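**Q** could you look at this predicted model? Sequence included:
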Amino acid sequence: QVQLVESGGGLVQAGGSLRLSCAASGRTFTTYTIGWFRQAPGKEREFVAAMSWSSGVTYYAASSVKGRFTIARDNAKNTVYLQMNSLKPEDTAVYYCAADRGTTISHNSDYCGQGTQVTVSS
């Protein structure tokens with residue numbers, strides 16, 4: 001059974017940092033794109049970051065997170081991370097991990113996790 005299990009969310013003050021983890025199991029993801037999207041209350045889902053598992057090429061949302069968030073993977077642990085620095089209240093959302101055979105990271109991806117809540121206080 002394929003699983004993507006997120007962890008690492010929580011409450012942090014503005015300007016702080018969090019590292020989210022996505023532990024992947026149940027299959028190999030070497031040919032997949034894996035990444036993160038988020039959904040804030042009352043807002044549409046938003047792509048955050050993704051990477052090609054095989055090549056390591058990374059993709060980031062154009063302006064909202066680039067320069068503050070970094071996606072990385074640990075092949076040995078089959079885990080993808082999202083390092084979030086300089087957090088802002090507008091980063092408050094449920095963050096989801098997703099994996100796709102194509103390049104789309106969203107709720108329509110082949111696999112999605114259950115999400116982890118990130119709350120940034122001002």
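**A** That came through fine.
**Q** residue 109 reaches residue 97, doesn't it?
**A** No - Residue 109 lies out of contact with residue 97 (CB atoms under 8 Å); the separation is 9.3 Å. Every C-beta, even on glycine, is put in place using the N, C-alpha and C of the backbone.
**Q** of these two, who's got more company?
**A** residue 97 (28 against 23; other CB atoms under 10 Å).
**Q** without its sequence neighbours, what residue ends up closest to the more buried one?
**A** Of all residues not flanking residue 97 in the chain, residue 22 sits nearest, at 3.4 Å (CB to CB, 6 or more residues apart in numbering).
**Q** repeat that for residue 104.
**A** That would be residue 33: by CB to CB, 6+ apart, it lies 7.7 Å from residue 104.
**Q** please apply the same query to residue 54.
**A** Nearest-residue entry for residue 54: residue 30, 5.2 Å, with adjacent residues in sequence omitted and distances by CB to CB, 6+ apart.
**Q** repeat that for residue 48.
**A** Spatial nearest neighbour of residue 48, excluding adjacent residues (CB to CB, 6+ apart): residue 36 at 4.3 Å.
**Q** same check, this time on residue 64
**A** Of all residues not flanking residue 64 in the chain, residue 46 sits nearest, at 7.2 Å (CB to CB, 6+ apart).
**Q** distance of that neighbour from residue 107?
**A** Distance of residue 46 to residue 107, given as CB to CB, to the nearest Å: 11 Å.
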